[in-house]
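Student: Give me the fold of what follows.
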Amino acid sequence: MVNRSTTARSTVAMRRWGPLAIVTLAAMAALTALTAGAAARPARPAPTEEMAPREAGEPIMAIVSIKSQQVTFYDADGWILRAPVSTGTTGRETPAGVFALLEKDKDHHSSLYDDAWMPNMQRITWNGIALHGGPLPGYAASHGCVRMPYGFAEKLFEKTWIGMRVIISPGDAEPVEFSHPALLVPKAEAIAAAPARAEALTREAAEAARTADEAKKAAASAARETALLTVSLRKLEGQKTRADAELAYAGKALAAARTDEARARAEDLKQKAAAKAADLGTQLDTARADAKSKPDAAAAAKEAAKAAQTRKADTAKAASEAKLALEPASIFISRATQKLYVRRNTHKQWPDGGEVFDATIEVPVTIRNPEKPIGTHVFTAVARSDTGLRWTAVTIDNGDNARDALDRITIPQDVLDRIAPTALPRSSIVISDEPLSRETNYRTEFVAVLNNQPQGGFVTRRPTSDEFVASGDVGGDNGFGFGFFNFQRDWNPQPGNTRPRGGQYYRQGQQGLW
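Tutor: All right, here's what the predicted structure looks like:
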């Protein structure tokens, strides 16, 4: 119940003190609101970092927990480094999903946010999501990136590598030891023979390339000679026609001569015309004989060049595959597209940043009960073992458990035959309900975002423009005979897959990258 006498006294006081009372009460109200807001927002803890009580190996993956605002780095034996982070604020949320490091820049400045300093930047999408050093207020506060403590980011910068897995999870997630018959099982003899095989095939490809270049030059030379001979033949035929006409004219002149002097001049003219016609006739016969053989030689040279070019392509492809067998393989299996994709780093530097990933393997895959969610799972080969490879599994999205997810998938045997025998540590298999994001292109391993989570910091950035590259020799292939493809695909889900795909499309009109 309202105390009317108290209210009346307050009203009198307000009238007595006037504006001063109003300002005072307004200040008290603002202080009360500020205090309430501070109580609602988590306190700002001092940035703390943890290091495992053992010697750390090479980091294999990083897992960012949006829920706990923490990043953890793992090597083959478990976690090695932990630190608090600050992810994207409301409306600018950091996207949850599966990523990999694409580019590193020690002293990066944002081109989207007023030249903001983002030291020790490690990019995970080309449209501007990255891990970098930054202020940590104790809660999500970035525009979509993952801020780490400045010192932590600097210490970590030299330890990571292009292609290293980065998992951003809505909740807490960690890798667990895992085994399954469907995982890649390498063969020791294939791994032992792989370096020598790659070296031999590289030499063979280089020799085939030289042979093809020589055959191409020979074919071009033969074609030029044939063309020149054709022109010469036509010229000789014209000269012979004129010489015959001159000879006929000389004969008529001789027949018409009435004096000895005229007959003598006509006889001399006829003899010269006859000699000229005879000489040109000989040249023409020789040219015609050559003309019969030259086209055949040119055709033979052209066929030889074509065969040499085919061998060049075949040996380059074999050499590329042999070189790629020395690299860890990443496999992505999408329930949305019913496809399997393979990426392997060629270590070819791209002028605009990043490294080129081979993408020559993309095939349909069989998924049992494709209408049923499967979740998002990341399987990583962390080290060699007595039986081949030791694997871990990380699950970040609802669906089947990791084992049931693998049970539902049949990987094509020809893909296994190409990859499994030489599978190496750091190889991975990702299974997801999601399609590959349009951010996946020739300079990325894989980008797949969870569409049941906010993606504010992802969708507000301009998407990477589609690339149309059809040549297998882009600025020189550095010995890799791979081809590149346009990565804009039809991301519509398969029939029965009713999961929303909103995160794979972008708002228009965004200006500039980050």
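Student: Show me the shaky parts of the chain.
Tutor: 1-47, 108-116, 465-514 (pLDDT under 70).
Student: could you redo the last one with a cut-off of 80?
Tutor: Filtered on pLDDT under 80, the chain yields the residue ranges 1-47, 107-118, 233, 284, 287-294, 461-514.
Student: center of it - which residue?
Tutor: Geometric centre of the chain, nearest residue: Y442, 1.8 Å, by CA atoms, centre = their mean.
Student: Okay, now the sheet partners of the strand or helix carrying V98, with direction.
Tutor: If you go by DSSP states H and E, V98 is part of strand 97-100. Strand pairing for strand 97-100, determined by DSSP bridges: strand 165-169 (antiparallel), strand 448-449 (antiparallel).
Student: any idea which helix or strand comes after the longest one?
Tutor: Scanning forward in sequence from strand 165-169 by DSSP H and E, the next helix or strand is strand 176-178.
Student: next helix or strand past that next one?
Tutor: Scanning forward in sequence from strand 176-178 by DSSP H and E, the next helix or strand is helix 188-256.
Student: now that following helix, how far from the centre of its chain.
Tutor: Helix 188-256 sits 41 Å away from the centroid of its parent chain (CA atoms, centre = their mean, to the nearest Å).
Student: For that helix, name the packing helices and strands.
Tutor: Helices and strands touching helix 188-256, as assessed by 3 or more CB pairs under 8 Å, 6 or more residues apart in numbering; DSSP states H and E, comprise helix 260-324. Yep, even glycine has a C-beta here, placed from its N, CA and C like the rest.
Student: ok and the next helix-or-strand element following the helix it packs on relative to strand 165-169, angle-wise?
Tutor: Next helix or strand after helix 260-324 toward the C-terminus (DSSP H and E): strand 330-334. Counting by axes from the mean of the first three to the mean of the last three CA atoms, to 10 degrees, strand 330-334 lies at 40 degrees to strand 165-169.
Student: Who are the packing partners of strand 330-334?
Tutor: On a contact count with 3+ CB pairs under 8 Å, 6+ apart, strand 330-334 meets strand 339-349, strand 428-432.
Student: What about the closest residue to K323 other than its chain neighbours, how many residues nearby?
Tutor: Distances taken as CB to CB, 6 or more residues apart in numbering place A198 nearest to K323, at 5.1 Å, with adjacent residues excluded. Here the number of neighbours of A198 (other CB atoms under 10 Å) works out to 21.
Student: thought A198 was touching E327?
Tutor: No. Taking contacts as CB atoms under 8 Å, A198 lies outside contact range of E327: 10.4 Å.
Student: mind listing the strands in the stretch 51-200 of the chain by residue range?
Tutor: For the stretch 51-200 of the chain, applying DSSP state E, counting those that start in this stretch gives strands covering 61-65, 70-75, 78-84, 97-100, 103-109, 117-123, 130-133, 146-148, 165-169, 176-178.
Student: Now find how far off-centre the fourth one is within its chain.
Tutor: Okay, so that is strand 97-100. When distances are taken as CA atoms, centre = their mean, strand 97-100 is centred 14 Å away from the chain's centroid.
Student: With the second one instead?
Tutor: Relative to its parent chain, strand 70-75 has a centroid offset of 25 Å by CA atoms, centre = their mean.
Student: contacts for it?
Tutor: Contacts to strand 70-75, defined as CB atoms under 8 Å, 6 or more residues apart in numbering, come from residues 56-65, 79-85, 131, 146, 148, 156, 174-175, 382, 392.
Student: measure stretch 322-341 end to end?
Tutor: 19 Å (CA to CA, to the nearest Å).
Student: To clarify, my last question referred to stretch 424-438.
Tutor: 28 Å.
Student: Any idea how far it is from the middle of the chain?
Tutor: 14 Å.
Student: And stretch 178-192, by the same measure?
Tutor: 26 Å.
Student: Can you give me the buried ones in it?
Tutor: Judged by neighbour count (16 or more other CB atoms under 10 Å), stretch 178-192 contains these buried residues: F178, A182, L183, L184, P186, I191.
Student: repeat for stretch 120-135
Tutor: 120-134.
Student: out of those residues, which one sits closest to S427?
Tutor: The shortest gap between S427 and any of the buried residues of stretch 120-135 belongs to I124, at 19.4 Å (CB to CB).
Student: got the contact list for the closest one?
Tutor: Neighbour list for I124: F99, A100, L101, L102, A130, L131, V166, V447 [criterion: CB under 8 Å, 6+ apart].
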